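Q: Got a predicted model here, sequence first, then my questions.
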Amino acid sequence: MGEMYYSEFVDVYDKLFATTKRLEKEAILAEFIKTLAKKDESEWIYLLKGKIFPDYDEREFGISGQLTLKALAFAFGVPENKVTEMYRKVGDWGQIAEELADKKRQTTLFSSKLIVKKVFENLRKVVSIEGKGTVSRKIELIAELLGNASGREAKYIVRTLLQDLRIGVADALLRDSITDAFYHDDKKEMVSLVGEAYDLANDFAVVFEAAQKGKKELEKISIIPGKPINAMLAIKVEDIDEAFEVCGVPAAVEDKYDGFRVLIHKNKDKIWLFTRRLENVTKQFPDVVEAVKKYVKGESFILDSEVVGYDSKTKIYRPFEAISQRIKRKYDIEKIAGQLPVEVNVFDVLYYQGESFLKKEFKERRKLLEKIIKNEKWKLVSARQIITSSKEEAMRFYENALSRGEEGIMVKKLDAPYQQGRRVGYMVKLKPTVNDLDLVVIGAEYGSGKRGGMLTSYILGCRTEKDFVEVGKVSSGFKEKESEGVTYDQITELLKPLIIEEKGNVVRVSPKMVVSVTYQNIQKSPSYSSGYALRFPRISHYRPDRGIKDIATLKDIEKEFVRMQRKAEK
Ligand code: ATP
């Protein structure tokens with residue numbers, strides 16, 4: 001038990017890399033997961049996604065191309081300029097690592113075989129090192145692995161470190177493969193049970209372990225305050241009729257606040273705030289923590305809310321962009337909290353006094369919410385809501401919401417449970433038609449002249465089952481001056497550490513930065529790998545609160561394309 005060679009992972013990586021077929025991938029993974037189960041080291045499953053921590057854990061390797069270069073030079077005793085030269089030719093750190101490791105193997109007699117335990121341990125150490133001498137310690141840890149690796153092993157170690165594994169293992173695929181590995185009967189039920197367990201745990205090791213033990217263990221996975229969970233998402237509708245069709249009548253109609261989603265957890269005197277991408281932002285929002293303590297009754301709970309910024313003088317809500325800088329803030333937190341105050345609009349309760357409310361009907365959850373919240377305008381309130389079957393009344397509510405500067409409305413199904421993640425149609429959003437999509441930056445170009453040295457044009461990507469494909473290029477939307485909003489300079493600083501490949505003035509970056517993009521139309525286009533291109537795209541927001549799970553999929557783009565075609569024909 002416990003012992004396993006890293007080469008077994010590498011074999012699987014290679015097999016996964018070699019096929020794009022979903023079913024083949026699933027079979028490869030399921031087979032391997034069975035082997036892995038015998039090793040009793042459930043956390044190793046993270047390696048299949050190129051990770052070493054559960055999905056809710058935000059810690060990262062923080063390895064740039066520059067550091068990789070140094071580690072390679074150190075590990076293989078090659079001058080740095082030689083490695084740079086190789087990179088100019090090859091443009092792929094993984095491949096360079098493979099070449100160097102192979103060459104070394106040919107000339108040295110002794111080499112021990114890498115075990116998974118060692119790889120896992122060193123990778124974790126790379127993340128946890130802090131303080132003086134961090135860079136050289138990191139280089140040593142990586143070099144220790146590379147020095148003992150075969151060519152293929154070295155390639156995947158480097159790709160893992162750069163978070164660019166390229167084997168196309170998405171969450172849904174891994175979930176289905178876990179189900180396949182352990183269940184043959186009741187397939188449908190088990191797929192959804194494993195899916196639910198994952199939504200609750202956000203941790204493949206936990207799900208993997210429970211799935212091995214059986215249905216009962218999977219069912220035991222629940223929500224507890226302090227552990228971030230996935231939020232329920234909405235689908236988009238075109239009008240009130242469609243909203244009522246999806247949600248049924250009567251339905252709840254609420255303001256759609258233009259802020260960012262925060263799940264508020266409390267257990268005794270401890271409070272946690274998590275964004276939709278499960279990022280812990282408790283430190284950044286001491287004012288919200290204070291408000292929760294003051295205006296919500298209860299020892300333990302999990303609430304769902306939208307936090308909205310407002311102008312303290314004019315008492316007018318501010319668009320998301322204005323408060324977005326608070327999310328990543330690490331210093332002067334109290335000061336900026338004073339300058340950019342926020343109001344918490346609570347719209348759901350998922351857990352209360354030791355009990356999960358996920359399966360309870362929305363109207364019951366709302367009733368509880370009203371009981372436990374003491375509304376305090378500009379601090380913390382329950383979302384404005386009416387319950388109606390009347391189209392006219394809903395329409396009036398919608399117009400009123402818009403006139404108060406809200407983004408639109410949410411319509412919610414009264415007897416629906418809180419179902420995480422999937423866009424199941426238990427709540428829908430209606431807003432005036434602007435065409436917009438959340439996408440991820442997968443590449444960028446340096447500007448010239450006044451904008452030289454800055455990354456000023458961005459290649460946008462959407463998600464497929466396997467990885468990311470391009471849907472166009474955008475260069476407008478960010479600002480020149482900090483007083484006007486997020487600047488090109490700031491974005492360049494954020495993108496630089498993400499660079500994984502550089503050719504001329506074009507860089508490829510690891511897909512991390514999410515942006516909201518408005519556009520006029522979608523066209524078919526051979527120039528981009530998705531086969532589509534956005535026309536007249538413009539970045540409306542930088543979205544530090546969102547992760548790559550939240551971005552549009554290729555299917556979304558196809559759907560939008562069809563919808564716009566149809567509209568044009570009308
Ligand atoms: P959008 O870009 O339109 O905000 P989204 O991708 O953030 O959409 P969706 O689930 O599609 O997320 O839309 C619902 C979002 O609206 C929620 O994630 C939440 O942040 C926000 N929101 C604002 N007010 C409410 C409300 N009353 N009930 C639920 N969600 C609300």
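A: Great, that's in hand.
Q: which stretches of the protein aren't confidently modelled?
A: 1-2, 109-111, 422, 568-570 (pLDDT under 70).
Q: how does the chain divide into domains?
A: According to automatic domain parsing, the chain comprises the domains 233-430, 436-569.
Q: Mind putting the ones you listed into CSV with distance to the ligand?
A: All C-beta atoms are positioned from the backbone trio N, CA, C, and that covers glycine. Listed next are the domains of the chain as CSV, based on distance: least, CB to the nearest ligand atom, whole Å:
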stretch, distance to the ligand
domain 233-430, 4
domain 436-569, 6
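Q: Now mean neighbour count too, for the ones you listed, in TSV please.
A: What follows is these, written out as TSV (neighbours: other CB atoms under 10 Å):
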stretch	mean neighbour count
domain 233-430	18
domain 436-569	18
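Q: Excluding chain neighbours, give the residue nearest to Lys266 in space.
A: For Lys266, ignoring the flanking residues on the chain, the nearest one in space by CB to CB, 6 or more residues apart in numbering is Phe301 at 5.3 Å.
Q: ugh, typo on my part, it should be Ala322
A: Gly309 (5.1 Å).
Q: ok, now Arg159?
A: Nearest to Arg159 is Gly94, by CB to CB, 6+ apart, at 4.5 Å.
Q: unless I'm mixing things up, the one you found is touching Arg152, no?
A: No - if you go by CB atoms under 8 Å, Gly94 and Arg152 don't touch, sitting 9.7 Å apart.
Q: Switch the domains of the chain over to CSV; also include distance to Leu146.
A: CSV is the format used below for those (distance: least, CB to CB, whole Å):
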stretch, distance to Leu146
domain 233-430, 31
domain 436-569, 17
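Q: quick one, strands of the stretch 451-570 of the chain?
A: Here the stretch 451-570 of the chain has its strands, by DSSP state E, counting those that start in this stretch, at 455-463, 468-474, 499-503, 506-509, 514-518, 521-524, 532-535, 538-542.
Q: swap in the stretch 251-400 of the chain?
A: Remark: strands assigned in the stretch 251-400 of the chain by DSSP E, counting those that start in this stretch are 251-256, 260-267, 270-274, 300-309, 342-352, 355-356, 380-382, 385-388.
Q: which outside residues touch the first one?
A: Outside of strand 251-256, the residues within contact range by CB atoms under 8 Å, 6 or more residues apart in numbering are 243-244, 345, 347, 362-363, 366, 383-389, 394, 397-398, 401, 404, 406-414, 429-431.
Q: and if we set it to 7 Å?
A: Contact with strand 251-256 is made by 244, 347, 362, 366, 383-388, 394, 397, 401, 406-414, 429, 431, as judged by CB atoms under 7 Å, 6 or more residues apart in numbering.
Q: Report the angle between it and strand 342-352.
A: For strand 251-256 against strand 342-352, the angle by axes from the mean of the first three to the mean of the last three CA atoms, to 10 degrees is 140 degrees.
Q: in its sheet, what does strand 251-256 sit against?
A: strand 385-388 (antiparallel), strand 408-413 (antiparallel) (DSSP bridges).
Q: Check the fourth one too.
A: Paired with strand 300-309 in the same sheet, following DSSP bridges, are strand 260-267 (antiparallel), strand 342-352 (antiparallel).
Q: how far away is the residue nearest to Ala322 from Tyr317?
A: Separation of Gly309 from Tyr317 (CB to CB, to the nearest Å) stands at 7 Å.
Q: repeat for Pro432
A: For Pro432 relative to Tyr317 (CB to CB), the value is 16 Å.
Q: do the same with Glu24
A: 50 Å.
Q: what do you get for Tyr198?
A: 35 Å.
Q: again with Lys359
A: Distance from Lys359 to Tyr317, by CB to CB: 34 Å.
Q: which residues touch Val90?
A: Here Val90 is in contact with Ile96 (criterion: CB under 7 Å, 6+ apart).
Q: Check Glu343 too.
A: Glu343 neighbours (CB under 7 Å, 6+ apart): 308, 310, 378-379, 381.
Q: One more pass at 6 Å, please.
A: Listed by CB atoms under 6 Å, 6 or more residues apart in numbering, the contact set of Glu343 reads 308, 310, 378.
Q: What backbone torsions are found at Pro250?
A: phi -70, psi 160 (degrees, to the nearest 10).
Q: Would you check how far apart the closest residue to it other than its chain neighbours and Lys236 are?
A: The shortest distance from Pro250 to any residue other than its chain neighbours is 4.3 Å, reached at Ser389 (CB to CB, 6+ apart). In this view, Ser389 and Lys236 are 22 Å apart by CB to CB.
Q: before we move on, what about Asp348?
A: Taking CB to CB as the measure, Asp348 and Lys236 are separated by 19 Å.
Q: Also Lys82?
A: 53 Å.
Q: Over to Lys103?
A: 54 Å.
Q: still on that earlier bit, settle it for me: which of Gly94 and Arg152 has more neighbours?
A: Neighbours around Gly94 and Arg152, counted as other CB atoms under 10 Å, are more numerous at Gly94. The numbers are 23 against 19.
Q: Hmm, the more buried one is touching Val158, no?
A: Yes - under the criterion of CB atoms under 6 Å, Gly94 makes contact with Val158 at 5.0 Å.
Q: where along the stretch 101-250 of the chain do the strands fall?
A: Using DSSP E, counting those that start in this stretch, strands in the stretch 101-250 of the chain cover 235-236.
Q: The ligand contacts on that one?
A: With CB under 6 Å from any ligand atom as the criterion, the stretch 101-250 of the chain meets the ligand at residues 233-234.
Q: which residue ranges form the helices in the stretch 101-250 of the chain?
A: 116-128, 134-147, 151-161, 171-182, 187-201, 204-213, 215-220, 240-247 (DSSP state H, counting those that start in this stretch).
Q: Out of the ones you listed, which one sits most buried?
A: helix 151-161 (a mean of 24; mean count of other CB atoms under 10 Å).
Q: what angle do that helix and helix 134-147 make?
A: Going by the same axes, to 10 degrees, helix 151-161 makes 150 degrees with helix 134-147.
Q: name the helices or strands packed onto helix 151-161?
A: helix 6-18, helix 93-107 (3 or more CB pairs under 6 Å, 6 or more residues apart in numbering; DSSP states H and E).
Q: That'll do, ta.
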